[in-house]
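A.B. asks: here is a sequence together with a model predicted from it:
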Amino acid sequence: MPMYRVRTQWSGVPIVGPAVTNAYFNSATGTAQQAVTAWSAFLASSMTQVLSTVSYAVEPQVATIDAGAGALLAITNTTPGSGVGTASGDAAPPATQGRLDLNTTSIINNRLLKGEIFMPGVSELSNSSLGVPTAGYISTIGGAATTLVGVANADWVVWSRAHGVFAPVDQAIVWPRWAVLKSRRD
């Protein structure tokens, strides 16, 4: 079954190295442009919680991928979104990021299929006195994610490459602690 991959590049301080976010959408639900538009709206709504020194650019080329084989089927040119954070304050350590847990109702090998998205560019002003995300951070990012889950013509999905399946995101929850994203090569 085909799906769209919408890729976003992050840059600025405190971004270290290539920072890329991949979001997947069911291609049977809408067009590549509708997926890009919905994803760009999510990012734009979240930027009040991202440092003003950090920017994002959604790539104009959207890949259509066969979920089962992981093979590239097509490339579609779109009109992408971009933006800059508006949060002030000192930057949290570069490894500190927000995390969205993506929940589905699909069970694969006796486990729920789940995913996650990391949000870079954390401001120390979004860090509570307990060292966890503030209620404002959780509310803003969580609200934007809930809106994205509800978009009718852009079905946000979690892809299991190992099992060759994807399932719609039913709920996106901001993790109530800060996260660290490490590559498999670290």
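C.D. replies: Ah, there it is. The structure displayed is predicted, hence computed values, not measured ones.
A.B. asks: what about Pro176, neighbour count?
C.D. replies: 11 (other Cβ atoms under 10 Å). The C-beta positions use only the backbone N, C-alpha and C, and glycine is treated the same way.
A.B. asks: how about the strands of this structure, start to end?
C.D. replies: Assigned by DSSP state E, the strands in the chain fall at 2-12, 19-26, 54-58, 61-66, 72-77, 82-84, 96-108, 111-119, 156-160, 165-168, 171-174, 179-180.
A.B. asks: residue nearest the centroid of the protein?
C.D. replies: With distances taken as Cα atoms, centre = their mean, Ile117 lies nearest the centre of the chain, 4.4 Å away.
A.B. asks: for that one, which non-adjacent residue is closest in space?
C.D. replies: Spatially, and ignoring its direct neighbours in sequence, Ile117 is nearest to Leu100 (4.4 Å; Cβ to Cβ, 6 or more residues apart in numbering).
A.B. asks: pretty sure the one you found is touching Met119, no?
C.D. replies: Yes. Contact criterion Cβ atoms under 8 Å: Leu100 and Met119 qualify, at 7.0 Å.
A.B. asks: need the overlap of contacts for these two.
C.D. replies: Between them, Leu100 and Met119 share these contacting residues under Cβ atoms under 8 Å, 6 or more residues apart in numbering: Ile141.
A.B. asks: if you count what's nearby, which of these two comes out ahead?
C.D. replies: Each of Leu100 and Met119 has its neighbours counted (other Cβ under 10 Å); Met119 has more, 26 against 22.
A.B. asks: quick one: that one and Met47 touch, right?
C.D. replies: No. The criterion here is Cβ under 8 Å, and Met119 misses it with Met47 at 10.0 Å.
A.B. asks: okay, now the residue lying closest to Gly68 once chain neighbours are set aside: neighbour count?
C.D. replies: Counting by Cβ to Cβ, 6+ apart, Gly164 is the residue found nearest to Gly68 once chain neighbours are left out, at 3.9 Å. Applying other Cβ under 10 Å, we find 14 residues neighbouring Gly164.
A.B. asks: again with Ser11
C.D. replies: Count around Ser11 with other Cβ under 10 Å applied: 15.
A.B. asks: any idea how far it lies from Ala19?
C.D. replies: 7 Å (Cβ to Cβ, to the nearest Å).
A.B. asks: give me phi/psi at Gly68?
C.D. replies: Backbone torsions of Gly68, given as degrees, to the nearest 10, read phi -70, psi -50.
A.B. asks: that one contacts Pro2, doesn't it?
C.D. replies: No. Look at Gly68 against Pro2 with Cβ under 8 Å: they stay out of range, at 9.5 Å.
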